[in-house]
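Asks: Sequence isn't available, so here's the structure alone:
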């Protein structure tokens, strides 16, 4: 009886856990706290946080419980991440949710989304300088695109062993956009520039909104075919939305499909961050580079906006350059808040949505380009 | 190998430069096309009236080159405007609301629509009915 009890106790998670499991569980709990109490990207941080808790309960190998064991349930659910299936489905939902009219009303603002993607390539160079090989550097660089599905998609293709730390870094910094961006935005702009009022956006017709996904898809994917899975699904979802005759399909894309895949992706990515995989010096390097990438992307977007103002008759508020970081819609909201801190009657949100959305397209193109380079 | 040497050893500079260029090219191309999209759509919507206008303009230009320039040049403008606006009125039907005629004239790209409609009213070519609408004098 006693030996049976002792056997049972020695097989519990309490006895098998070490300090690394505890650290990861604290990290998971912090994510859940940030998501629920602070409302920092709750739809992402809560599933990821809980997934971290699930992945760091110590289990016996061979019983099909761990996410890394072939016959486990979590492993089957994780296949959608490793095979790159979940991110395109999420992009379809994003396309079905997004109204591209602010971008269509003033297409020149798309260049700010392009400028912010320089953060991807500068971080890529930084990762190479720190000794990461090409494929890992590309996966780390894409964190600067501030797009979780894109980062997971590219990492699944190029460096699947880094999915955990890269996904956690990408989503953490996306949640921290309201903390990371404002100091950089204020540092790089003058008060006079922050007070610039943008001219009103023209009205965009329904026909334009319907033609855009077809034109956008053909232009972008013919240029970078490797971006086809992500951009194809993004524009497909948007066409379903704008076509109105396919409202049922659009509704399915933006609610049950998007929400289900988000849950599965969050939990499995979180569960993949097991202590022995995650708590390594390499992960620390990834986190540092990730923070730098967001900062660089914000800076390049703002600086490019200032550069554009040298040539534009109707000046743009350079703050909206920060919205090129494609954390939709948080970075656009940050622009609104920083702008309103200077002038409460200056409404920049809709203007900031244009570079914000083009940043999504830009980061998908950047991912496609990096993938094609590494093939 | 670390630092700048590590970047150069793996052709990092080339990858980064080419990557940035491709992303910029893609979005610049897309922005250029989208900036012209609404104009192309407007042209497509008004293709029939624009075709007619081009024909009428060509005819009136040929007629003007055959005649001497006289003090009645303003009235030949009025004749030309009458032809153009008659087509628009036939399209929207009578009686018509003036704002609607104005919108259609603007969409069709006609020159100085406000002033032209005003001239047509003053010349009793566009006549008010008693219900706030207008009719066309045949």
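Replies: Structure's in. What do you need? Since we're looking at a predicted model, the values are computed, not measured.
Asks: And chain B, split by domain according to the record?
Replies: B:1-45, B:47-138 (automatic domain parsing).
Asks: Next, count neighbours for the closest residue to residue A:110 other than its chain neighbours.
Replies: Distance criterion CB to CB, 6 or more residues apart in numbering or on different chains; nearest residue to residue A:110, sequence neighbours excluded, is residue A:358 at 3.8 Å. C-beta here means a position set from N, CA and C on the backbone, and glycine is covered the same way. Burial measure for residue A:358: 29 neighbouring residues, criterion other CB atoms under 10 Å in any protein chain shown.
Asks: same question, the one 4 residues further on
Replies: A total of 32 residues lie near residue A:362 under the criterion other CB under 10 Å.
Asks: Ok, residue B:104 next?
Replies: Residue B:104 has 20 neighbours, counted by other CB under 10 Å.
Asks: Now it: closest residue in space, sequence neighbours ignored.
Replies: Once flanking residues are discounted, residue B:104 sits nearest to residue B:88: 5.1 Å by CB to CB, 6+ apart.
Asks: Work out for me the element residue 90 sits within.
Replies: In the absence of a named chain, chain A is used. Using DSSP states H and E, residue A:90 sits in helix A:86-97.
Asks: looking at chain B here, not the other one
Replies: Per DSSP H and E, residue B:90 falls inside helix B:73-92.
Asks: what element comes up after that helix heading to the C-terminus?
Replies: Going down the chain from helix B:73-92, the next helix or strand is helix B:98-107, by DSSP H and E.
Asks: what sits up against that following helix?
Replies: B:42, B:45-46, B:85, B:88-89, B:91-92, B:113-114, B:116-117, B:126, B:134 (CB atoms under 8 Å, 6 or more residues apart in numbering or on different chains).
Asks: With stretch B:113-132 instead?
Replies: Under CB under 8 Å, 6+ apart, the answer for stretch B:113-132 is B:78, B:81-82, B:85, B:95, B:97-98, B:101-102, B:105-106, B:110, B:134-137.
Asks: in that stretch, what counts as buried?
Replies: The neighbour-count check on stretch B:113-132 (16 or more other CB atoms under 10 Å in any protein chain shown) flags B:113, B:116-117, B:119-120, B:125-126 as buried.
Asks: That stretch spans what distance, first to last residue?
Replies: 20 Å (CA to CA, to the nearest Å).
Asks: what's the answer for stretch B:94-101, then?
Replies: Distance between the two ends of stretch B:94-101: 11 Å, counting by CA to CA.
Asks: and that stretch, which residues are buried?
Replies: B:96, B:101.
Asks: that older thread, what's around the residue nearest to residue B:104, how many residues?
Replies: Residue B:88: 22 surrounding residues under other CB under 10 Å.
Asks: do the same with residue A:313
Replies: 5.
Asks: Kindly report the same for residue A:71.
Replies: Residues near residue A:71, counting by other CB under 10 Å: 10.
Asks: Against residue A:269, how distant is it?
Replies: Residue A:71 sits at a distance of 20 Å from residue A:269 (criterion: CB to CB, to the nearest Å).
Asks: go on, residue A:111?
Replies: Distance of residue A:111 to residue A:269, computed by CB to CB: 32 Å.
Asks: Give me the more crowded residue out of the two.
Replies: The residue with more neighbours, out of residue A:111 and residue A:269, is residue A:269; 28 against 23, by other CB under 10 Å.
Asks: If I look at residue 51, what pLDDT would I see?
Replies: You didn't pick a chain, so chain A it is. At residue A:51 the predicted local confidence, pLDDT, stands at 94.
Asks: wait, chain B
Replies: As predicted, residue B:51 sits at a pLDDT of 68.
Asks: just the one 3 residues further on next, same as before
Replies: At residue B:54 the predicted local confidence, pLDDT, stands at 71.
Asks: which residues touch it?
Replies: With contacts defined as CB under 8 Å, 6+ apart, residue B:54 has no neighbours.
Asks: hang on, the earlier thing: any chance of the contacts of helix B:98-107 in JSON lines, plus pLDDT and distance to residue A:295?
Replies: Conversion of the contacts of helix B:98-107 to JSON lines gives the following (pLDDT from 0 to 100; distance: CB to CB, whole Å):
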{"residue": "B:42", "pLDDT": "84", "distance to residue A:295": "43"}
{"residue": "B:45", "pLDDT": "78", "distance to residue A:295": "47"}
{"residue": "B:46", "pLDDT": "78", "distance to residue A:295": "49"}
{"residue": "B:85", "pLDDT": "89", "distance to residue A:295": "60"}
{"residue": "B:88", "pLDDT": "87", "distance to residue A:295": "57"}
{"residue": "B:89", "pLDDT": "89", "distance to residue A:295": "62"}
{"residue": "B:91", "pLDDT": "83", "distance to residue A:295": "58"}
{"residue": "B:92", "pLDDT": "86", "distance to residue A:295": "57"}
{"residue": "B:113", "pLDDT": "87", "distance to residue A:295": "52"}
{"residue": "B:114", "pLDDT": "86", "distance to residue A:295": "53"}
{"residue": "B:116", "pLDDT": "88", "distance to residue A:295": "57"}
{"residue": "B:117", "pLDDT": "89", "distance to residue A:295": "57"}
{"residue": "B:126", "pLDDT": "90", "distance to residue A:295": "63"}
{"residue": "B:134", "pLDDT": "90", "distance to residue A:295": "63"}
